[in-house]
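Participant: Would you be able to build a 3D model of this:
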Amino acid sequence: MARTVRTAGRGRQALDGIGALAVVTLIVALPVLLVWAAGNPVPGVVAWFSDLTEDPSAAVDQIWNAISSRDDGDLFLQTLALIGWVAVVLAAWTWVTFLVALAVETVAQLRGRRHGRVPRNTARIPGARLQQRAAAALVAAIIGAIAAPALASASVPASPAMAAPEHASPEQIAPLKAVPKDGPDATGYLEHRVERGESLLDIAERHNVSWQRLAEINHGLAQLDGRTLQPGNTRVYAGWTLRIPVDALLAVATTTQTTPAASAEPPVYEVARDDWLAGVAQRFLGDADRYAEIAAMNPDLERRDHRFPNHIERGWRVTLPPDARDRGPADHAQGQLVAGDRTQPAPSAPDVDDQPTVPRAPDDGGNQPNTTTPPAPATQKPESSAAEPPAATPTSSPTTAAPSTTAGVTADPSEPDNRPTQPAEDSDFNEAAVLGSLAGAGLLSALLLATVLRRRGRQRQHRRPGRRLPHPQGGATERALRVAEQPADVDRLDLALRSLAAALAERDQALPDIAAAWIVDRDVTVVLSEPGPQPPASWIVDRRNWTLPGDVIIPPVTEQLAPLPTLVAVGSQPGRHLLLDLERVGSLTIAGDSERTLALLRYVACELACNTWSDDVEVVVTGFPAPETELLIALNPDRVRAVSSVGEAATRLRRRAAAVAVALNASGAADTLAGRIFDVGEAWAPQVLLVADPDAGDLGVLDELGKELRDAGRCAVAVASTTKAPTAAGPNTAIIDDDGVLHLALPFLLVDGAAAGLPVNELEPLVEIMAQARAATDDPTPPAAEPERWAEDADAAGCVLHLFSTSEPTAPTTPTSDEAGGHASTPPDPIVAVPRIEHARTVATVPRREVIAAIRQRRRQADPQLDADLRSWREKDGTRPRISVLGTVAVEAPGPVPDQRRRFHAELIVYLAQRGARGASAEQLTDALWPDQQVKDASRRVAITRARRWLGETADGSAWLPEMGSDRLYRLAPGYLLDWHLFRRLRSRGESRGPAGVKDLRAALELVQGAPLDGADRAYATGTRNPFTWLPESDIYPGHITSAVVDTAHELAELYLEAGDPTGARWAVQQAWLADPERGDDGPWHDIIRAAHIEGHTAELRNLLGELMRTREAEVPEDLTPVTYALLRELLPDLLSATSGSG
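Facilitator: Numbering: from 1, shown residues only. Model (predicted):
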C-alpha cells in the first residue's frame, strides 16, 4: 500500500527556508568572507605555479619551509582559506550539476507525462548521479503536487453522493474498433462503450493512458443521451462511447512483446537459531501460510531431513520465491539474506491464481482508503485466465479487473499474423459468470465459515472414536459459503480494532471519532468523522483515514473489549468491504428497491449475530415475517431476540440509552467508545434495533427516536430500518437502486458501491450449519465409497468393519443419521452403488479382542500390492505420480511441471485422485472446479490436457490421465499414489492384524506431514476463484481426515501402552497433533496423560492438566467432557482434588 505524502506544515517550511539560506551562504557569502579575511588567492596560486614550472625545487622548498618553520598564524589562515576555497568549488560544482540535472529531469518528465506515462530512463549526467536522483525526486514531487488538486477536483461527481469506483470485469468491456480521429493529427482512435459500473479512471487504467489525456480527448464529445463530458468532471455513464488513443494500446502491445524475462537469481536466506519456515514466510512474503511455497522450492532440504518443512536447522540455506521482500527480522525469522537482491525481488510471471489484484482507491475526499494498483506483469500470457476464470461477478457487484496487458490491436492489418495460435480456451472461453444468491454476502460468508470451523474445532472434544462430525445437507451449505467467500481476513480486522483500542488506551490524547472502516484485501482502514490526532505506530494517516497495511504483523491482544461492536458491512465486493458503525450513526434509513433493502437489513442482522468483534451485542428485530424471525433468532439465540412492535422496542432502547448516560456520568467517560477503550464501567454492551418495512405510524416513532440518538451521540443504542419509498430524506440515508448499487449519504461519508445483501432463501441453510456447529453430536463414519478391492470391508476412514466377533460386548450404540432424521455426512455416489454396512464396533471403547481369522485373511488378499506401493512412496519413485494431501497439497509426477497456474492443475489432479476408479464426468469436474460459472467444453479440455502433460506417461507409454472412455468419465490410470489412500490401506491391514499391526499403523501415521490440505482452500487473490470449494462434499474433507488420523494414533498409542512403551505412545500423540494443531480431540490427551502417569512424571501431569484446561477454556476440571473427567479422577485423584479446590 502506498504510503501517504503528507503536506508540509509551517515547521517544515521554516526548515526548508533555513536550508536554502545555508546553501546561499555557502556559495555566495563564504567566498566574500574569504576574500575579505585572506585576500584573493588567485594571484598567489598563479605565481606559485609559475615558480613551479621555472624552478620546481625552489617552489617545493618554499612549501616545506612554510610547514616546518614556527607558525606565526599566517600558515593557519592560509590553510583555512584553502579548505574554504575547496569547499566553495565543490559546492559550486554540485550546485551547477544539480541545476543541469534539474533541467534534464524536468524536460524528460514533462514530456513523458504529456503522453500519459512516467519516464523510466533519462540521459545520465557523468559524475552527477546523486544530483540527478535528487532532481528526479524533486521534479516528480512538484509535478505530483501540481496535478493532485486537479485530480481531486476532477473526481468529484455532479451528484451529491461521492462516487466510489465501480470496476468492470473484462467480459464487460465492449469490443473496440478503430475510427479516424477528428482533427489535424493522423493518429487513430478506438471506441470504447462504457458499461455499467465503469469509471473514467478504470478505463484509463485498463488502456494504459492517463485519465487527464483521456478526459481531454473526450471533452465535449456528444453522447447518445445528449450529455457530454465537461472539463473538471470525470463522471461517465453507461452507454457512452469514449475515444481511446491507439498509440497507448500499441505501447502496451510493444511492452508485452519486448519485455525480457527476469534473469536475477532468487534470494537465498540463511536460517538462524529458533527460526521457523512459517516465520520466514511471514517476514519475506507477508503471509506465514505461504511457507508451503518455500518448501516446494527446496526439495533438497526434504531429502536432507524428512521432517522438513516442519523442521529447519541453523545454517541451512533456503531459496525464497522471486517476490520475496525483506520486512525486517521477526519472531522465528532472525537470519539474513546471503544471495539475491535484498530490496528489489526479481520479477516473475506468476500464475493468475497467485497474482493479487489490489483495487485502486480513487480520490474520494478521504472516505476511502488510499491504495494503489500494481501493474500486471508484462510477461503474463492471456491463456492463463481461460481454464480458470476469475471469480464470478454479479451485475450489481462489478469487480476490479487488473489492467489488461494484451490489447487486441494490430499495428498493420495488412501484415499476416505469424504469432503462434493460442489454445482454444483463449478465444472460446466465456468469462461471464453467474454467482449464487450468496453473491452479495462475501464478507458474511467469510465470517460464517470462520465461525463454523472454529466451533467445529471445539466440537471435536465431544467426538467419539470411530465417528466424525456431521455436515448439514451433505456439505452443500459449507460449499456454498466457500464459493461465495471473498478474500477478507475477518480475524485480522477484529485483532486490528482491538490492537488499536489498546494502543489508544495507553495515550493521553483525545480519542478519534471512528465512524466506519474499510477492508481492502489485508489492509484495514478506519474512517474518522473529522481529522484527529496522529495514529499509533504502524498505522498510516491519510486525511481522515488511518490505515494498517496488510504486511504489518499485529501482536496478540488480551483483555481488550472490542471498541466498535456495532461495526457491520453495508457495501461488499471482492476484496473491498465497507463497514459502518451503527452506534456512531445512531439511526440509518435504507430506501430503494424493496427486495434489496430487506436483503441488506437481513445481512446486517446475520453479521451482527455472528461476527467476533460484536462483544455482548443484543440485536432486536421486528417487522420480519414470523418464519424469518425464528430463523434469525436461531442463528444465534444468545444475541438475537424479537419484539412485537416498534413502540415496545423504542421504549426499551430509551431505557437503555438512559442507563448508559448514567453510567457515562459515573465513570467520567466521554462516550461508550471511550468506556470500552479505557475499560471503565460495565454498561457498554450495545442494543441494535432492526425494523423491516415499518408502517406510517412506526415511521413517526423511528424519526423521533433517530433524532434523540443523533443528539445523544454514542450511547450503546442504534436503529436501522427500511422504507418502501424509492428515496429517503434525512441526515443518515442509504439508497439501493435497481442494480444493487448502494448510495450512502452520511454527514461524514459519501460513497457509491455494491450493496451487501442476503436473500431470504439462503437464511435457513446458514441457520442449519450454525446450529449443527454448536451441537455436540457426531455421525458414524460411512463405508468406503471406492470400488477398489482394498476398500472392501472398510469404512471411509480406513477402519475395518465387522472387525470383532458379535459375541463380544459392545459400547452403547448411537442412532445413525438416518434414524435420527439427519443427513449422511457423505451422500451416496451416483456412479458406484455401495451396499450399506453397519458398524459393529466403536474404536478403542472396549479392550482389544482377538481378530477374526477370516477378516485378517480377506484383508491380506484384498491388497497384495500395499508393500510395493509403500516402498515406491518412500523411495519417491519418479515413474509414478505421488499426490500428497496429508499436509500441504503436493503433486510429483513424471511429466514437466506447468510453468503457470500450478496450483489450479494440482487441484484438478487431487480431485481426480480422490475419486479413484469412480472417475468424474465432465459435468462433475466443471461443477467442482468452476462452481456456479459458465465454462465451455474447450476450456475444460485444455485444463485436462495440461494436467495430463504434467502427470506424464506410464511404463508402457500410456498416459496416467487417459482420454475420456466410453463411459464418458475422466479417471487416473491405476498405479498412482495418493497418501490418503495409502494411509487407509495401512490402517485397515494394521487393524486386521491386531497387536501385530503396530508396524502398519505406525507406517500410516508416518505419512502425516501436517494438517490435511493445509492452506489449500485459501483464495489466491482478489477476483480469482476460490480453490477447493468441493472439499465439503468430497471424501477428503480435512475434518474427516483429521478424525481418521487422530483415531489411528489413538489405536497405536493404546497398543504401545499395552506393550509398556510410553515413548511410542508419545510419538503417536505428536503425529495426531500434527494433523490437529488445535488439539481438539480428547483421545490424544488421554494417551499422553496415561503415558506420563505410567512413567511417574507428576510435574508433567500437572502441566498437561493445566494445558488441557486452557485449551478447552475450562475454569475447573469438571468443565471437561465426562469421559476426560472420569479418566482424570481415575489417574490423578490427588492432583484433581487440589486443582478443584483452588478453582
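Participant: drop to CA atoms for contacts and neighbour counts, all remaining ones
Facilitator: Noted.
Participant: right, and the helix or strand after the helix or strand bottoming out on mean pLDDT in the chain?
Facilitator: Lowest by mean pLDDT, DSSP states H and E among the helices and strands of the chain is helix 424-428, with a mean of 32. Downstream of helix 424-428, the first helix or strand assigned by DSSP states H and E is helix 442-459.
Participant: which stretches of the stretch 151-300 of the chain form helices?
Facilitator: 200-206, 211-218, 246-258, 277-285, 291-296, 299-304 (DSSP state H, counting those that start in this stretch).
Participant: Apart from its neighbours in sequence, what residue is nearest residue 775?
Facilitator: Spatial nearest neighbour of residue 775, excluding adjacent residues (CA to CA, 6 or more residues apart in numbering): residue 459 at 7.5 Å.
Participant: Surely that neighbour and residue 772 touch.
Facilitator: No: in this structure, residue 459 is not within contact of residue 772 by CA atoms under 8 Å, at 9.8 Å.
Participant: how many other residues sit next to the nearest residue to residue 278 once chain neighbours are set aside?
Facilitator: Once flanking residues are discounted, residue 278 sits nearest to residue 288: 4.6 Å by CA to CA, 6+ apart. As a burial measure, residue 288 scores 16 neighbours (other CA atoms under 10 Å).
Participant: Residue 625 too?
Facilitator: Neighbour tally, residue 625, other CA under 10 Å: 9.
Participant: now swap in residue 864 and tell me
Facilitator: The burial count for residue 864: 12, using other CA under 10 Å.
Participant: Use 21 as the first number for this chain going forward.
Facilitator: Renumbered: residue one is now 21, and that last one reads residue 884.
Participant: so where's the stretch 571-720 of the chain shaky on pLDDT?
Facilitator: 703 (pLDDT under 70).
Participant: my bad, the stretch 971-1120 of the chain
Facilitator: 1039-1044.
Participant: same thing with the stretch 221-370 of the chain?
Facilitator: 221, 225-226, 228, 252, 266-284, 359-370.
Participant: Would it be right to say that residue 671 lies in a helix?
Facilitator: Yes: assignment of residue 671 by DSSP: H, G, I helix; E, B strand; the rest coil places it within a helix.
Participant: Next, the distance between the ends of stretch 559-566.
Facilitator: With CA to CA, to the nearest Å applied, stretch 559-566 spans 6 Å between its terminal residues.
Participant: surely residue 554 meets residue 561?
Facilitator: Yes: applying CA under 8 Å, one finds residue 554 in contact with residue 561, separated by 7.2 Å.
Participant: Compare the two (neighbour count), which wins?
Facilitator: Shown here are residue 554 and residue 561; by other CA under 10 Å, residue 561 has more neighbours (24 against 12).
Participant: Hmm, the more buried one is touching residue 567, no?
Facilitator: Yes: Residue 561 is within contact range of residue 567, at 6.5 Å (criterion: CA under 8 Å).
Participant: tell me the domain ranges of this structure?
Facilitator: Following automatic domain parsing, one gets these domains for the chain: 30-59+90-172, 190-278, 288-359, 510-785, 1080-1163.
Participant: circling back: got the contact list for the residue nearest to residue 795?
Facilitator: With contact taken as CA atoms under 8 Å, 6 or more residues apart in numbering, residue 479 is in contact with 489, 793, 794, 795, 796, 797, 1100.
Participant: quick one: residue 968 from residue 982, how far?
Facilitator: 8 Å.
Participant: Also residue 465?
Facilitator: For residue 465, the distance to residue 982 (CA to CA) stands at 38 Å.
Participant: With neighbour numbers in mind, choose between these two.
Facilitator: residue 465 (24 against 16).
Participant: Buried residues, stretch 1073-1092. List them.
Facilitator: 1073-1077, 1081-1092 (16 or more other CA atoms under 10 Å).
Participant: Can you show me the CA trace of the helix or strand that residue 539 is a member of as CSV?
Facilitator: For residue 539, the host element (DSSP H and E) is strand 534-540. Taking C-alpha atoms only, strand 534-540 is exported to CSV below (Å, rounded to 0.1, in the frame of the first residue of the first chain):
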residue,chain,number,x,y,z
ILE,A,534,-14.2,6.4,14.3
ALA,A,535,-17.3,6.1,12.1
ALA,A,536,-16.6,3.4,9.5
ALA,A,537,-13.9,1.0,8.3
TRP,A,538,-12.7,-0.5,5.0
ILE,A,539,-11.2,-3.9,4.4
VAL,A,540,-9.1,-3.9,1.2
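Participant: Pull up the pairing partners for that strand, direction included.
Facilitator: strand 543-548 (antiparallel), strand 596-601 (antiparallel) (DSSP bridges).
Participant: nearest to residue 716, of the ones you listed?
Facilitator: Evaluated with CA to CA, those place strand 596-601 nearest to residue 716, the distance being 26.6 Å.
Participant: got the angle between the closest one and helix 462-479?
Facilitator: Going by axes from the mean of the first three to the mean of the last three CA atoms, to 10 degrees, strand 596-601 is angled at 80 degrees with respect to helix 462-479.
Participant: what sits up against strand 596-601?
Facilitator: 379, 463, 534-541, 584, 586-592.
Participant: Mind listing what's buried along it?
Facilitator: 596, 597, 598, 599, 600, 601.
Participant: repeat for stretch 924-944
Facilitator: 924-942.
Participant: and what of stretch 560-576?
Facilitator: 560-571, 573.
Participant: Keeping just the C-alphas, turn stretch 955-974 into PDB.
Facilitator: Taking Å, rounded to 0.1, in the frame of the first residue of the first chain, the C-alpha atoms of stretch 955-974 are listed here in PDB:
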ATOM      1  CA  VAL A 955     -17.400 -22.700 -18.700                       C
ATOM      2  CA  LYS A 956     -17.200 -24.000 -22.300                       C
ATOM      3  CA  ASP A 957     -16.100 -27.500 -23.100                       C
ATOM      4  CA  ALA A 958     -12.900 -26.200 -24.800                       C
ATOM      5  CA  SER A 959     -11.700 -24.600 -21.500                       C
ATOM      6  CA  ARG A 960     -12.200 -27.800 -19.600                       C
ATOM      7  CA  ARG A 961     -10.400 -29.900 -22.200                       C
ATOM      8  CA  VAL A 962      -7.400 -27.600 -22.300                       C
ATOM      9  CA  ALA A 963      -7.100 -27.900 -18.500                       C
ATOM     10  CA  ILE A 964      -7.300 -31.700 -18.700                       C
ATOM     11  CA  THR A 965      -4.600 -31.700 -21.400                       C
ATOM     12  CA  ARG A 966      -2.200 -29.700 -19.300                       C
ATOM     13  CA  ALA A 967      -2.800 -31.900 -16.300                       C
ATOM     14  CA  ARG A 968      -2.300 -34.900 -18.500                       C
ATOM     15  CA  ARG A 969       1.000 -33.500 -19.600                       C
ATOM     16  CA  TRP A 970       2.100 -32.900 -16.000                       C
ATOM     17  CA  LEU A 971       1.200 -36.400 -14.900                       C
ATOM     18  CA  GLY A 972       3.300 -37.900 -17.800                       C
ATOM     19  CA  GLU A 973       3.200 -41.500 -19.000                       C
ATOM     20  CA  THR A 974       3.200 -45.000 -17.500                       C
END
